[in-house]
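[1] when you get a sec, could you give me coordinates for this:
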Amino acid sequence: MNPRTLKILLKKEVSLIKRNPIIPRLIVGMPVLVMLIIPLVTTFDVKNVGVVVVDNDRTELSRRLIADMNASEYLSVTGCFFTYDEAFQQIENGEADALVAIPENYLNDLTNGHKPTLALKANGVNATKGMLGAQYATQSLAHTLAQWQAEQGIAHPLPAPSVINRYNPTLNFRNYMIPALMVVLLIIICGFLPALNLVSEKESGTIEAMNVTPVGRLEFVLSKLIPYWVVGILVVTVGMLIGWLVYGLVPEGNIALVYLAAILFSLVMSALGVFIANRSTTILQSIFLMFAFIVVFQLMSGLFTPIASMPRWAQCLTYAIPPRYFIEIMRSVYLKGATLADLWVPYAALSGFALLLCLVAAGTYRKRA
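    Numbering: from 1, shown residues only. All right, here's what the predicted structure looks like:
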């Protein structure tokens, strides 16, 4: 690769972007509109809320409380533990959405007229599941205890379980959506626009003139992608600034992890855009192909609907969706303050997708003489 040739081609691409009447406005306007409007209007209901239980009582009543929660249409008991640390680890790993702690001697205290409290903690990273999961669990526990009271002839009221929301104490749904919305911006900027750029070169015939020059295919493709990689990083920066200035949301973790994830995801989307452009002969073809990928990415990546609420077969398919890992990283860094050691699996997955798609994009591009 000739660096001087690449520099000249990059200057040409920057000039073309500046002269385009749409792309500069899209680059500036889209992040602002997406980050300002979508967090205000998006909200969803959920089912299949995972609950882990710490059973320190181990009596017939505690087993009944657990069985009734598991029988609920909206709740699913994913595990029963005898220590708090084991149960809370399920929350940390994202395998459960709420934790119910039944204190020791709970049945005995109730029988003797005392008022013991059930502790309930919800995973606030997903504000919707955290809020509704806590409500569902609280209602189930209250209903079971009311039935037990009636059976035992106990009339005194029972105290409501105390609820603590972890990671997102206010349960504000915006805090859940804002980190993930950057995936939409990077899909458009680093995937859609480079694909349209390459196909437009085909339609105008300028790519044929480039093919008969000594310019290598690597230099040519990089000159098309590098400007959008830079713009993608700027868009992520704008998104984080809007999240901070407008919504007061800042990453709890290291901001460098956000940029690392953005760079890897930019490589994934740009490589996918090049592959689609290589297989398209017109702009309309590339638009339809890219739009198909965008719809799948948005609906199955956990952007709007929790992956845990999807059917089991759909959950398995999401492992082949790159945005799933980017969204997981963004939410974990923003809300949990997760480290690279905590997120090495999604980072490794994004790196693997980037390498695979770059090889596919390079293999499908042919420089014709």
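
[2] how about the CA coordinates for the helix or strand containing residue 350, as PDB?
    If you go by DSSP states H and E, residue 350 is part of helix 344-364. Output in PDB follows, covering the C-alpha atoms of helix 344-364 (Å, rounded to 0.1, in the frame of the first residue of the first chain):
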ATOM      1  CA  TRP A 344     -13.900  -9.700  27.200                       C
ATOM      2  CA  VAL A 345     -16.500 -12.000  25.700                       C
ATOM      3  CA  PRO A 346     -18.500  -9.400  23.700                       C
ATOM      4  CA  TYR A 347     -15.200  -7.600  22.800                       C
ATOM      5  CA  ALA A 348     -13.800 -10.900  21.500                       C
ATOM      6  CA  ALA A 349     -17.000 -11.500  19.600                       C
ATOM      7  CA  LEU A 350     -16.900  -8.000  18.000                       C
ATOM      8  CA  SER A 351     -13.200  -8.600  17.100                       C
ATOM      9  CA  GLY A 352     -14.100 -11.900  15.500                       C
ATOM     10  CA  PHE A 353     -16.900 -10.400  13.400                       C
ATOM     11  CA  ALA A 354     -14.700  -7.500  12.300                       C
ATOM     12  CA  LEU A 355     -11.900  -9.900  11.200                       C
ATOM     13  CA  LEU A 356     -14.300 -12.200   9.400                       C
ATOM     14  CA  LEU A 357     -16.300  -9.500   7.600                       C
ATOM     15  CA  CYS A 358     -13.100  -7.700   6.600                       C
ATOM     16  CA  LEU A 359     -11.800 -10.900   5.000                       C
ATOM     17  CA  VAL A 360     -15.100 -11.400   3.200                       C
ATOM     18  CA  ALA A 361     -15.200  -7.800   2.000                       C
ATOM     19  CA  ALA A 362     -11.700  -8.000   0.700                       C
ATOM     20  CA  GLY A 363     -12.300 -11.400  -1.000                       C
ATOM     21  CA  THR A 364     -15.400 -10.200  -2.800                       C
END
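
[3] so where is the protein shaky, pLDDT-wise?
    By pLDDT under 70, the weakly predicted segments of the chain are 1, 42-47, 126-128, 154-163, 170-171, 210-211, 366-369.

[4] just checking, what packs against the helix holding residue 350?
    Applying 3 or more C-beta pairs under 8 Å, 6 or more residues apart in numbering; DSSP states H and E, we find helix 344-364 packed against helix 217-247, helix 255-278, helix 322-331. Using the backbone N, CA and C atoms, a C-beta is placed for each residue, glycine as well.

[5] ranking those by burial, who's on top?
    Ranked by mean neighbour count under mean count of other C-beta atoms under 10 Å, the helices and strands packed on helix 344-364 are led by helix 322-331, which reaches a mean of 26.

[6] output the contacting helices and strands for it.
    Against helix 322-331 (3+ C-beta pairs under 8 Å, 6+ apart) you get helix 173-187, helix 255-278, helix 283-300, helix 344-364.

[7] angle of the helix or strand that the first one is followed by against helix 283-300?
    To tie it back to what came earlier, the one meant is helix 173-187. Moving toward the C-terminus from helix 173-187, the next helix or strand (DSSP H and E) is helix 193-204. Angle, helix 193-204 to helix 283-300, by axes from the mean of the first three to the mean of the last three C-alpha atoms, to 10 degrees: 160 degrees.

[8] who does helix 193-204 touch, helix- and strand-wise?
    In this structure, helix 193-204 packs against helix 206-211, helix 217-247, helix 255-278, helix 283-300, with contacts taken as 3+ C-beta pairs under 8 Å, 6+ apart.

[9] so which of those gets nearest residue 20?
    Closest to residue 20 of these, according to C-beta to C-beta: helix 217-247, at 11.6 Å.

[10] tell me which residue of this structure is furthest from the middle?
    In the chain, counting by C-alpha atoms, centre = their mean, residue 153 sits farthest out from the average C-alpha position, at 48.9 Å.

[11] mind checking how far it is from residue 332?
    49 Å (C-beta to C-beta, to the nearest Å).

[12] okay, stretch 272-292 in CSV with CA atoms only?
    Output of stretch 272-292 as CSV, limited to C-alpha atoms (Å, rounded to 0.1, in the frame of the first residue of the first chain):
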residue,chain,number,x,y,z
LEU,A,272,-20.5,-5.4,5.8
GLY,A,273,-21.2,-2.3,3.7
VAL,A,274,-18.3,-3.1,1.3
PHE,A,275,-19.6,-6.6,0.9
ILE,A,276,-23.1,-5.4,0.1
ALA,A,277,-21.6,-2.9,-2.4
ASN,A,278,-19.6,-5.6,-4.0
ARG,A,279,-22.7,-7.6,-4.6
SER,A,280,-24.9,-4.7,-5.8
THR,A,281,-24.9,-3.1,-9.2
THR,A,282,-27.3,-0.2,-8.4
ILE,A,283,-28.0,2.0,-5.5
LEU,A,284,-31.5,0.6,-5.1
GLN,A,285,-30.2,-2.9,-4.7
SER,A,286,-27.7,-1.8,-2.0
ILE,A,287,-30.4,0.1,-0.2
PHE,A,288,-32.8,-2.9,0.0
LEU,A,289,-30.0,-5.2,1.1
MET,A,290,-28.7,-2.9,3.8
PHE,A,291,-32.2,-2.1,4.9
ALA,A,292,-32.8,-5.8,5.4
